[in-house]
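Student: Starting from these lines, generate the structure:
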Amino acid sequence: MLVLTTTAGSAVLPPGVDRIVLDDPATVNALARLDDTDPGDADRVAPLRPDDAAYVIYTSGSTGQPKGVVVTHRSVANLAAWALDTFSSDVFTAALASTSATFDVSVSDTILPLLAGGCIEVVRDVLALTEPDRPEASLVCTAPSAMSAALAPGDELRLGTVILVGEAVTPRLVRDLRAAAPGVRIANLYGPTEACVYATAWFDDGNPAGVAPIGRALTNYRTYVLQPDLRPAPPGVAGELYLAGAGLDQLAGFLGPAFRPGHDSSRALAAAWDRADPCTPDAVTAFFRASTDYLHNLVIWEASGHRPRYLHAALPALRAANVDTVLDIGSGIGSDAISLTRLGHTVTTCDHDSPSTRFARHRHGHHIRRIDPEHLGDEHAADALWIIDTLDHLADLDTVLGPVLAQARTVITENLHENRAHGQQRFHHRRPYPDIARVFGRYDLFPTTHETIMSWTRSTDLH
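Tutor: Take a look at the predicted model:
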């Protein structure tokens with residue numbers, strides 16, 4: 001362990017602890033001799049990448065045994081980008097750094113202000129606000145119980161923004177804080193350690209009752225309220241909160257090695273499949289058209305972090321083919337279609353009307369153009385076909401896909417040589433690779449394997 005400290009702090013450290021004493025003359029002289037430019041990869045033992053670790057912090061153990069969570073630079077950058085877009089620059093000019101470094105909220109009252117070019121004042125804890133020479137703070141991040149303890153009757157605090165975290169925010173605290181710090185902006189933020197501090201946010205809307213809900217998802221996060229059977233809870237019905245999105249790639253690690261998404265997150269779907277026992281493509285189609293179990297399974301599959309990063313792997317192939325329009329066949333919950341749209345592609349989904357496709361439109365707030373597979377024709381041709389699907393609901397691949405295969409520049413499928421998202425789920429019967437290759441080959445489309453996907457292009461384009 002290496003401790004960064006001052007002469008005063010060094011005096012209370014145990015013997016034998018390695019330390020860098022910042023105000024030691026030798027340290028001051030050594031720093032003065034260094035270049036004042038930002039370090040680059042040449043100065044490091046290895047290049048710095050977005051998915052490298054920014055810090056490791058332990059969870060509180062409130063949901064089980066405490067465990068270390070590795071948070072990446074990408075996740076911190078996402079949080080910082082949200083904060084800089086949400087708050088004005090003056091919020092960070094005099095932030096109160098009152099949180100222990102062992103609590104991830106310290107990221108928001110130290111790292112975020114410094115990234116924004118602001119200043120921080122390091123204090124022992126938020127009770128510094130009760131002292132006679134109490135500081136004026138543009139930003140305070142603390143737990144509601146600690147904030148309540150810092151509010152003395154009759155005192156007036158000079159606070160800009162207060163972010164309350166880690167506990168439920170009571171109406172009384174909201175009202176007391178409004179009275180003690182006139183003009184203060186109150187925020188209620190929530191997130192597990194795995195979400196890089198925060199995943200949802202609510203800002204005081206001035207409601208007289210002082211009610212502080214959990215708020216809305218931060219940029220690049222998604223929230224779901226699910227019932228015990230993992231179906232979406234109807235409006236007004238209590239349920240469990242599930243998160244997905246940026247910074248949650250390691251949720252699979254949080255769940256532990258015993259979690260098997262192809263089994264545990266689809267028990268209800270597998271049971272429904274067994275009851276229905278669909279034996280023909282028409283029966284499979286009918287099952288998925290009606291199944292809300294399929295919807296909740298897809299939600300949990302995404303949130304678990306186990307779903308392969310198909311789009312990330314496919315981007316080079318899409319760019320090489322100069323793709324503008326995409327036909328997403330079997331889009332299910334629609335996350336790939338939304339991501340492709342955000343990248344500037346014009347996307348049409350080809351799937352049956354089902355709870356999954358309806359929820360996709362509701363969840364994303366986008367108008368997703370959808371056509372039924374039975375109606376697929378020449379007029380629906382696109383530069384690329386996106387087929388992350390088992391295709392077991394199509395009676396005749398050639399008849400259904402032929403009109404669009406003939407005109408596509410490229411086709412993206414999952415790696416059909418591996419059992420990944422679809423291959424691990426027993427209620428899917430993915431068409432064998434030889435059958436798919438034979439149909440695609442009739443249209444002069446041949447595969448190149450890239451990580452988790454295959455890109456199928458014309459044989460003339462492979463040379």
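Student: how about the helices of the stretch 251-400 of the chain, start to end?
Tutor: Using DSSP state H, counting those that start in this stretch, the helices of the stretch 251-400 of the chain run over 251-255, 261-264, 267-276, 281-290, 292-304, 310-320, 335-342, 355-364, 397-405.
Student: Quick check: chain neighbours aside, which residue is closest to A168?
Tutor: With sequence-adjacent residues excluded and distances taken as Cβ to Cβ, 6 or more residues apart in numbering, A168 is closest to P144, at 7.1 Å. All C-beta atoms are positioned from the backbone trio N, CA, C, and that covers glycine.
Student: Surely the one you found is in contact with P171?
Tutor: No: the criterion here is Cβ atoms under 8 Å, and P144 misses it with P171 at 11.2 Å.
Student: And these two? Which one has more around it.
Tutor: Using other Cβ atoms under 10 Å as the criterion, P144 and P171 rank with P144 on top: 21 against 13.
Student: phi, psi of the more buried one?
Tutor: P144 adopts backbone torsions of phi -50, psi -40, taken as degrees, to the nearest 10.
Student: give the contact list for it.
Tutor: Going by Cβ atoms under 8 Å, 6 or more residues apart in numbering, P144 touches L164, G166, E167, A168, V169, T170, L173.
Student: do D51 as well
Tutor: So D51 contacts T72, H73, R74 (Cβ under 8 Å, 6+ apart).
Student: now it: how far from H312?
Tutor: Going from D51 to H312 by Cβ to Cβ, to the nearest Å gives 11 Å.
Student: now do S75
Tutor: The spacing between S75 and H312, counted by Cβ to Cβ, is 16 Å.
Student: Looking at these two now, which is surrounded by more residues?
Tutor: Remark: of S75 and H312, S75 carries more neighbours, 25 against 12, as counted by other Cβ under 10 Å.
Student: now the helix or strand containing the more buried one: how far from the chain's centre is it?
Tutor: Counting by DSSP states H and E, the element that carries S75 is helix 73-86. Its chain's C-alpha centre and that of helix 73-86 lie 12 Å apart, by Cα atoms, centre = their mean, to the nearest Å.
Student: Please point out which parts of that helix sit buried.
Tutor: R74, S75, V76, A77, N78, L79, A80, W82, A83, L84 (16 or more other Cβ atoms under 10 Å).
Student: ok, back up a step: closest to G245 among the contacts of D51?
Tutor: R74 (11.9 Å; Cβ to Cβ).
Student: That closest one against A80, yeah?
Tutor: No: taking contacts as Cβ under 8 Å, R74 lies outside contact range of A80: 10.8 Å.
Student: and D24, what is it in contact with?
Tutor: By Cβ under 8 Å, 6+ apart, the contact set of D24 is T7.
Student: Would you list the phi and psi of it?
Tutor: Dihedral angles for D24 - degrees, to the nearest 10 - are phi -70, psi 130.
Student: Check it and give its pLDDT.
Tutor: Note on D24: pLDDT of 95.
Student: re the thing from before, now, among the buried residues of helix 73-86, which is nearest to L405?
Tutor: The closest of the buried residues of helix 73-86 to L405 turns out to be R74 (Cβ to Cβ; 36.3 Å).
Student: Look up the closest residue to the closest one, ignoring the ones flanking it.
Tutor: Of all residues not flanking R74 in the chain, P50 sits nearest, at 4.1 Å (Cβ to Cβ, 6+ apart).
Student: Quick one: neighbours of E194, just the number.
Tutor: By other Cβ under 10 Å, the residues close to E194 number 22.
Student: ok, now E121?
Tutor: The local packing of E121 (other Cβ under 10 Å) involves 15 other residues.
Student: any idea how far P50 lies from H73?
Tutor: Distance of P50 to H73, given as Cβ to Cβ: 5 Å.
Student: Tell me, how many residues neighbour N29?
Tutor: Residue neighbour count, defined by other Cβ under 10 Å, stands at 9 for N29.
Student: which residues does it contact?
Tutor: N29 touches nothing, counting by Cβ under 8 Å, 6+ apart.
Student: ok, so what distance separates it from R74?
Tutor: From N29 over to R74 the distance is 37 Å, taken as Cβ to Cβ.
Student: Residue ranges in the stretch 351-463 of the chain under the pLDDT threshold?
Tutor: 352-368, 392-393, 419-430, 461-463 (pLDDT under 70).
Student: Go again with 50.
Tutor: Within the stretch 351-463 of the chain, the stretches with pLDDT under 50 are 363, 365, 420-427, 463.
Student: Pull up the distance across stretch 196-211, start to finish.
Tutor: With Cα to Cα, to the nearest Å as the measure, stretch 196-211 spans 25 Å from end to end.
Student: whoops, stretch 439-449 was the one
Tutor: Counting by Cα to Cα, you get 18 Å between the two ends of stretch 439-449.
Student: List the residues that contact the residue nearest in space to the middle of the chain.
Tutor: For the chain, the residue nearest the mean C-alpha position is G245 (1.6 Å; Cα atoms, centre = their mean). G245 makes contact with A199, A217, N220, Y221, R222, according to Cβ under 8 Å, 6+ apart.
Student: Perfect, I'm done here.
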